[in-house]
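Novice: please find the sequence and the predicted model below.
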2 protein chains.
Amino acid sequence: MAKLDESLIAALAPFQKLDRHQIREILDQAVPKRHDEGSEIFREGEEADRFFLLLDGFVRVVRTTPTGEQVILRHIPPGQLIGIAPALGRPTYPASALSASESLTLAWPVRLWAVFLERYPGFASHAMSAMGQRFQELHDHVTELATKAVEQRVAACVLRMVNQSGRKVEGGIEIAFPVTRANIAEMTGTTLHTVSRLLSAWERDGIVESRRKHIVVTAPHRLVILSGATG
Amino acid sequence: MAKLDESLIAALAPFQKLDRHQIREILDQAVPKRHDEGSEIFREGEEADRFFLLLDGFVRVVRTTPTGEQVILRHIPPGQLIGIAPALGRPTYPASALSASESLTLAWPVRLWAVFLERYPGFASHAMSAMGQRFQELHDHVTELATKAVEQRVAACVLRMVNQSGRKVEGGIEIAFPVTRANIAEMTGTTLHTVSRLLSAWERDGIVESRRKHIVVTAPHRLVILSGATG
């Protein structure tokens, strides 16, 4: 296989304090893999034998309840580490990662986690603040589910995806990865029926446009008001 | 002030790999403090200038929404570290800690966090797995709020407190810290009215006994069934 080019990761947050030689070392130990939309990158409960960098695409982190319901915990944008169970002292993955769009990952064997922490300046503190950010997001998610009405939750969820991945298109801002109404229900703890009813109403009101798996927000300020963010 | 005795912390998870001399060093730098029931130990958003060990009592970790609603994220039992924002690379506390019962903490200035990690064997790996466990609990909490019906959530919440702190009393297992119906509403994202209705029904059915701020579970197996844990 052709060598991975250093420019792939040199500018990314986990590695940006490293020199060319260190970047080369890291890439030479990485296993690249392409994932189709919807395919599984790792599974909840499996032995966490590798950690990953998401180079391109978006990842959906999900848990499945004992009764088979799926809950989407978060989406992860490109440039971030995933599957970092070793940072939590865990032998297994705490959730599953699905490729939300076509995506590309680099994987390293888990024994290299401690080596990366020790050898590469900035890697440990990046990993720590990445954990801190996900912790904060989980606190926000719990708070939202516990206190917000359904319409506010769905509006906040759409806004979060826009903030994380939005790209300008004609007439508004598009969420950069495929997302279905069922996905939104799985993020907000509500039913597909309720999400459909809300999105249809917002569409009539000129707030969003949604086509199969694609959502464009045409009036973000109105969605902010609906999300209750203004108190 | 009298010296703190080494037996106070030598057996606790964060310090159990240390020798007497190291335990002494740690205690000599600690500031002990007693907290009344309901008092604040640290506040969300404040500069995280100290980290703590909860020596005795229970702590309630809460967030307040912009509209003033309170959400209880978790309870922490004695023997655990709290306020460990530095482990998340954060300059401020991500939530507030209230003393759920009368409690006793030891506090250290935040600059000692890195010193503890480096100098004391077992401290870093303990801190990491403590984070991992809280991460897991947050995942469970999100999943529960997103998928379970209200009665299941309230049952699961009472069971969690029993598992974490239950002590045998005549006729059942008592939650070891004061907990009100309003607290349960703040943990489960429901109303005080709903919690009262459920607890009254369970009381009639012989599943729990509740008196002012005290809950005794008299038929835990029936609560497990109500929580939906059996799928």
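Specialist: Done, it's in.
Novice: how about the contacts made by the nearest residue to A:Leu8 once chain neighbours are set aside?
Specialist: Excluding the flanking residues, the one nearest A:Leu8 by C-beta to C-beta, 6 or more residues apart in numbering or on different chains is A:Leu55, at 6.3 Å. (Glycine included, C-beta is placed from N, CA and C.) By C-beta atoms under 8 Å, 6 or more residues apart in numbering or on different chains, the contact list for A:Leu55 reads A:Leu8, A:Ile9, A:Pro32, A:Pro78, A:Gly79, A:Ser103, A:Leu104, A:Thr105, A:Leu106.
Novice: one more time with 10 Å
Specialist: Going by C-beta atoms under 10 Å, 6 or more residues apart in numbering or on different chains, A:Leu55 touches A:4, A:8-9, A:12, A:30, A:32-34, A:78-80, A:103-106.
Novice: now rank these by neighbours and give me the top one.
Specialist: A:Thr105 (26 neighbours; other C-beta atoms under 10 Å in any protein chain shown).
Novice: so that one versus A:Gly57, what's the distance?
Specialist: Per C-beta to C-beta, to the nearest Å, A:Thr105 is found 8 Å from A:Gly57.
Novice: still on that earlier bit, which of the contacts of A:Leu55 sits closest to B:Asp19?
Specialist: Checking the contacts of A:Leu55 against B:Asp19 by C-beta to C-beta gives A:Gln80 as the nearest, at 40.1 Å.
Novice: could you list the domains of chain A?
Specialist: A:6-124, A:145-226 (automatic domain parsing).
Novice: can you give me the buried ones in the longest helix anywhere in chain A?
Specialist: Under DSSP state H, the helix in chain A containing the largest number of residues is helix A:123-147. By neighbour count on 16 or more other C-beta atoms under 10 Å in any protein chain shown, the buried set for helix A:123-147 is A:123-124, A:126-128, A:130-132, A:134-135, A:138-139, A:141-147.
Novice: beyond the lowest-mean-pLDDT helix or strand in chain A, next helix or strand please.
Specialist: One helix or strand of chain A scores below all others by mean pLDDT, DSSP states H and E: helix A:123-147, with a mean of 89. Scanning forward in sequence from helix A:123-147 by DSSP states H and E, the next helix or strand is helix A:150-165.
Novice: that next one vs helix B:123-147, what angle?
Specialist: Angle, helix A:150-165 to helix B:123-147, by axes from the mean of the first three to the mean of the last three C-alpha atoms, to 10 degrees: 130 degrees.
Novice: please name every helix or strand in contact with helix A:150-165.
Specialist: strand A:70-76, helix A:123-147, strand A:172-174, helix A:181-188, helix A:192-204, strand A:208-211, strand A:214-217, helix A:220-226 (3 or more C-beta pairs under 10 Å, 6 or more residues apart in numbering or on different chains; DSSP states H and E).
Novice: A:Arg212 - how many residues pack around it?
Specialist: 6.
Novice: any buried residues in the helix or strand hosting A:Trp113, and which?
Specialist: Element membership of A:Trp113 [criterion: DSSP H and E] is helix A:112-119. For helix A:112-119, the neighbour count (16+ other C-beta under 10 Å) marks A:Leu112, A:Trp113, A:Phe116 as buried.
Novice: pull the CA atoms of that helix into PDB?
Specialist: In PDB, the C-alpha atoms belonging to helix A:112-119 read as follows (Å, rounded to 0.1, in the frame of the first residue of the first chain):
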ATOM      1  CA  LEU A 112       0.100   2.300  21.500                       C
ATOM      2  CA  TRP A 113      -2.200   4.500  23.500                       C
ATOM      3  CA  ALA A 114       0.200   4.800  26.500                       C
ATOM      4  CA  VAL A 115       3.100   5.200  24.100                       C
ATOM      5  CA  PHE A 116       1.300   8.100  22.300                       C
ATOM      6  CA  LEU A 117       0.500   9.800  25.700                       C
ATOM      7  CA  GLU A 118       4.100   9.600  26.800                       C
ATOM      8  CA  ARG A 119       6.000  10.200  23.600                       C
END
